[in-house]
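Q: What follows is a predicted structure for the sequence shown.
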Amino acid sequence: MNPLGIDSIGRVIEKGLDIIFPDPAVAAQYKLDLQKDENQFALAKLADETARLNAQVEVNKIEAASPDKWASGWRPAFGWMCAVVVFSQFILAPYLPWLMEVFGFYTPPVPKIDMEMLWPLVMGMMGLSWNRSQDKAKGVA
């Protein structure tokens with residue numbers, strides 16, 4: 001999806017060049033220049049995104065190295081919370097009511113957690129993303 005409509009604008013410009021310059025060689029040169037400009041725009045966007053991500057990595061390193069538990073401890077805390085929720089939903093929730101019934105205890109209803117919202121957080125915390133898999137496949141540390 002292109003919210004700025006750059007692709008559609010480029011197509012309109014190409015059609016206009018065909019009308020303005022009937023000579024195919026001249027039109028091809030202008031189309032090549034247009035494609036170069038579009039590629040430079042795309043590369044600039046990628047460079048900006050890379051710079052933003054690298055800045056976030058540096059912030060993450062600084063936070064993780066901090067001796068202050070308020071700065072460095074929030075990531076492990078979220079990791080443990082995710083682990084507790086996954087454990088409770090996949091181990092406790094299915095088996096605890098059954099065990100309580102087997103041993104004759106009252107079985108309270110077990111609340112369900114919306115796992116659809118939790119999985120992106122868990123995967124992000126564990127670093128399980130396509131980018132990291134690609135890095136490992138290429139041998140990048």
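A: Perfect, thanks for sending it. Numbers count the residues shown, from 1 in each chain.

Q: Okay, helices next: where are they in the chain?
A: Assigned by DSSP state H, the chain shows helices spanning 6-20, 24-65, 69-72, 74-87, 93-102, 115-126, 130-138.

Q: any idea how this protein splits into domains?
A: Here the domain parsing of the chain from automatic domain parsing is 1-66, 73-141.

Q: Can you add mean neighbour count and give those back as JSON lines?
A: Every C-beta, even on glycine, is put in place using the N, C-alpha and C of the backbone. Formatted as JSON lines, the domains of the chain follow (neighbours: other Cβ atoms under 10 Å):
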{"stretch": "domain 1-66", "mean neighbour count": "11"}
{"stretch": "domain 73-141", "mean neighbour count": "11"}
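
Q: Now render these as TSV, adding mean pLDDT.
A: What follows is the domains of the chain, written out as TSV (pLDDT from 0 to 100):
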stretch	mean pLDDT
domain 1-66	77
domain 73-141	77
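
Q: Find the nearest non-adjacent residue to residue 118, please.
A: Spatial nearest neighbour of residue 118, excluding adjacent residues (Cβ to Cβ, 6 or more residues apart in numbering): residue 85 at 5.9 Å.

Q: The residue of the chain most remote from its centre and residue 50, how far apart?
A: Using Cα atoms, centre = their mean, the residue of the chain lying farthest from its centre is residue 104. It sits 46.7 Å away. As for residue 104, its distance to residue 50 is 61 Å (criterion: Cβ to Cβ, to the nearest Å).

Q: Of the helices of the chain, which is nearest residue 109?
A: The stretch from the helices of the chain with the least distance to residue 109 (Cβ to Cβ) is helix 93-102; that distance is 8.4 Å.

Q: List the contacts of residue 20.
A: residue 27 (Cβ atoms under 8 Å, 6 or more residues apart in numbering).

Q: Could you list the alpha-carbon positions for stretch 76-83 in CSV?
A: These are the backbone C-alpha positions of stretch 76-83, laid out as CSV (Å, rounded to 0.1, in the frame of the first residue of the first chain):
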residue,chain,number,x,y,z
PRO,A,76,12.7,-9.0,31.8
ALA,A,77,9.6,-8.2,33.8
PHE,A,78,7.5,-8.2,30.6
GLY,A,79,9.3,-11.4,29.5
TRP,A,80,8.3,-13.1,32.8
MET,A,81,4.7,-11.8,32.6
CYS,A,82,4.5,-13.3,29.0
ALA,A,83,5.9,-16.6,30.3
